[in-house]
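J.: Structure for the following, please:
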Amino acid sequence: MTNNLSGRQGGFSLVELMIALVLGLMVVGSSLAVFTGQRVTTRLSAEMADVQADGRVALDAISRDARAAGDFGCWPVANPIDGRMNAVAYDVKKGGIRGYSTGANGTLAKSDLIGSDIVRNASPEQSVVALTGIFGVLTTMSVDMANESALVSVARSAESFKDGDVAVVTDCINWAKFQVTSVVPDAQDPTRVNLAHAGGAMSVYGGGNKSGALGAAFKRDSTVGSLDTVWWFIGTIDGVRGLYRLSARSGSPVLVSTKVYALQFDYNVDADGNTVVDKKDLVVGDVKDVEWPAVRAMSAQLLMRSDKASNAGSKLEVENFAGVKIPNDRRLYLPLQVNVALRNQ
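T.: Numbers count the residues shown, from 1 in each chain. Below you'll find the predicted structure:
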């Protein structure tokens, strides 16, 4: 007996295929949109993290220098022995901080602070700050001075001081500033060096000492440190624009970040000397010359900018930052700020 199997054998119709194709494309398109969005978000997050990291490093360095401003080693003291050098260098009576603004052509207001000539290439309409004090670790004298002209023996390596440094020595009663004419290794103890301060002219910023006498014979454990002025500014050096730090002692600007687009410093002042800040958020032009020693706090504001354009485009909440117009160049812009209390005298 033979069985005849019969029945319809069918497939998808053209309409069904078209519907399935459209639905598939919708799913793929949605997935692609999600992937693209996640990719843009990931890239933007990476750029944000990169910019923030650079900004934190810069703000930490500025804060560290600002906290050292006004550190002159037990200042004020009962007996400040000054005028021992041929030229004024680091006048501590003017305080440890001074702000400047650059003109339209990038010139800096006239300053008698060391390093000002190098900073004259700062970018136009940018804030500049100069911080004066003892930067680095303070050291102490290892032995008593036999007389006012004796070597100053300190328990530090030779790298801590160099010829021509302007140094401060104080026992918190007497205070003297002198030029280091030479750093002499100690023949008896390799862990210390001796600072010579002979009289005579020097072709460096201090001009040398009027005599080898410091005005007092300082004793063991007196504090010794090297004075310096540190400058922070936006500038273009060798074709590279960014945030620079200049130590007047070294004389060579150091690039801190290429991602800092604009820089602004504000100041809080104790104008009447009652230890209470009564003038807040002053820009450079609002602080009188006599008020700089009375600056008690500083605000450093950075406008960070990504190195590359972002797919998300520039998101600008304001058109200007500290007087600087922000371009709509599809880069990521991020304002950062730190407030620092000063030991400024």
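J.: Look at residue 63 and give its secondary structure.
T.: helix (DSSP: H, G, I helix; E, B strand; the rest coil).
J.: Give me the neighbour count for the nearest residue to it once chain neighbours are set aside.
T.: Leaving aside its chain neighbours, residue 63 sits nearest to residue 340 (5.0 Å; criterion: CB to CB, 6 or more residues apart in numbering). Quick note: C-beta positions are derived from backbone N, CA and C, even for glycine. Around residue 340 sit 16 other residues, with neighbours defined as other CB atoms under 10 Å.
J.: and residue 340, what helix or strand is that in?
T.: Using DSSP states H and E, residue 340 sits within strand 331-341.
J.: I'd like to know which elements that strand is packed against.
T.: Counting contacts by 3 or more CB pairs under 8 Å, 6 or more residues apart in numbering; DSSP states H and E, strand 331-341 is packed against helix 14-68, strand 295-309.
J.: buried ones in the shortest one?
T.: Which is strand 295-309. Under the neighbour-count criterion of 16 or more other CB atoms under 10 Å, strand 295-309 has 295-306 buried.
J.: quick check, nearest of those residues to residue 324?
T.: When those are compared for distance to residue 324 (CB to CB), residue 303 comes out closest, at 7.1 Å.
J.: Need the phi and psi values for the closest residue to residue 107 other than its chain neighbours.
T.: Leaving aside its chain neighbours, residue 107 sits nearest to residue 120 (5.9 Å; criterion: CB to CB, 6+ apart). Torsion angles at residue 120 (phi, psi; degrees, to the nearest 10) stand at phi -70, psi 0.
J.: got it, and the one 4 residues further on?
T.: Dihedral pair for residue 124: phi -60, psi 150, per degrees, to the nearest 10.
J.: hang on, the earlier thing: what's the closest of the helices and strands packed on strand 331-341 to residue 257?
T.: Proximity to residue 257 (CB to CB) singles out helix 14-68 among these, at 4.7 Å.
J.: Report the inter-axis angle for that closest one versus strand 331-341.
T.: 30 degrees (axes from the mean of the first three to the mean of the last three CA atoms, to 10 degrees).
J.: what's the distance between helix 14-68 and the middle of its chain?
T.: Relative to the mean C-alpha coordinate of its chain, helix 14-68 is positioned 31 Å out (CA atoms, centre = their mean, to the nearest Å).
J.: Counting by contacts, list what whichever helix or strand comes after that helix packs against.
T.: Of the helices and strands lying after helix 14-68 in sequence (DSSP H and E), the nearest is strand 79-81. In this structure, strand 79-81 packs against strand 174-179, with contacts taken as 3+ CB pairs under 8 Å, 6+ apart.
J.: Which elements pack onto the strand it packs on?
T.: For strand 174-179, the packing partners by 3+ CB pairs under 8 Å, 6+ apart are strand 79-81, strand 166-170, strand 208-209.
J.: Name the residues that touch stretch 98-111?
T.: When contacts are taken as CB atoms under 8 Å, 6 or more residues apart in numbering, the neighbours of stretch 98-111 outside the stretch itself are 113, 116, 119-130, 132, 233, 265, 267, 283-285, 287, 292.
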